[in-house]
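In: Build me a model from this:
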Amino acid sequence: MDYIAALVEALLAAAPDEKVRIAEALKELEDGRAEPYLLEVLNEPDKEARIAVAYALSFVAATRSEHTLIELLGDPHFAVRTWAAYGLSHLRSHAAVPSAGHRARTVDFTIPGGYRVP
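Out: Below is the predicted model of the structure:
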């Protein structure tokens with residue numbers, strides 16, 4: 001049975017909270033074929049789905065994962081940016097270093113509750 005195809009079909013039809021669980025399952029399979037479908041979820045307004053995708057991309061490590069994670073460093077939600085940074089470190093991305101430095105200087109890293117990361 002092709003688990004990737006079954007999970008991708010479910011991912012495309014799922015509600016946002018279900019997309020989180022499906023993205024986590026795709027992460028566990030570590031199969032690059034899931035990448036284009038995970039990338040589609042990044043268009044969701046639900047930040048939890050985007051967080052799950054950022055985490056999953058660091059494990060499927062396919063063609064566009066690194067570039068997408070670099071772009072997610074500019075996401076408006078702190079948790080999405082955090083998981084994108086984690087994903088880049090997991091991929092041992094050297095390409096992310098200049099972008100991460102730029103983002104650190106230009107993105108507001110205020111944590112909900114008012115604490116500002118120095």
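
In: In contact with Lys27, which residues?
Out: Ala52, Tyr55, Ala56, Phe59, Val60 (C-beta atoms under 8 Å, 6 or more residues apart in numbering). No exception for glycine: its C-beta is placed from N, CA and C like everyone else's.

In: Now for this structure, the helix or strand with the poorest mean pLDDT.
Out: helix 96-106 (a mean of 56; mean pLDDT, DSSP states H and E).

In: Can you list the buried residues in stretch 53-73?
Out: 53-60, 62, 65-66, 68-70, 72-73 (16 or more other C-beta atoms under 10 Å).

In: no no, stretch 39-52
Out: Residues of stretch 39-52 classed as buried by neighbour count (16+ other C-beta under 10 Å): Val41, Leu42, Glu48, Ala49, Arg50, Ile51, Ala52.

In: what's the answer for stretch 79-95, then?
Out: Residues of stretch 79-95 classed as buried by neighbour count (16+ other C-beta under 10 Å): Val80, Arg81, Thr82, Trp83, Ala84, Ala85, Gly87, Leu88, Leu91, Ser93.

In: picking up where we left off before, select from the contacts of Lys27 every entry located in strands.
Out: The strands, defined by DSSP state E, take in nothing from these.

In: now those residues in JSON lines, with pLDDT and distance to Arg21?
Out: Listed next are the contacts of Lys27 as JSON lines, based on pLDDT from 0 to 100; distance: C-beta to C-beta, whole Å:
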{"residue": "Ala52", "pLDDT": "88", "distance to Arg21": "8"}
{"residue": "Tyr55", "pLDDT": "86", "distance to Arg21": "12"}
{"residue": "Ala56", "pLDDT": "87", "distance to Arg21": "11"}
{"residue": "Phe59", "pLDDT": "83", "distance to Arg21": "15"}
{"residue": "Val60", "pLDDT": "81", "distance to Arg21": "16"}
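
In: Out of those residues, which is nearest to Tyr3?
Out: Distance ranking of the contacts of Lys27 against Tyr3, using C-beta to C-beta, places Val60 first at 13.2 Å.

In: what's the distance between that closest one and Asp46?
Out: Going from Val60 to Asp46 by C-beta to C-beta, to the nearest Å gives 20 Å.

In: again with Tyr3
Out: In terms of C-beta to C-beta, Tyr3 sits 24 Å off from Asp46.

In: No more questions from me, cheers.
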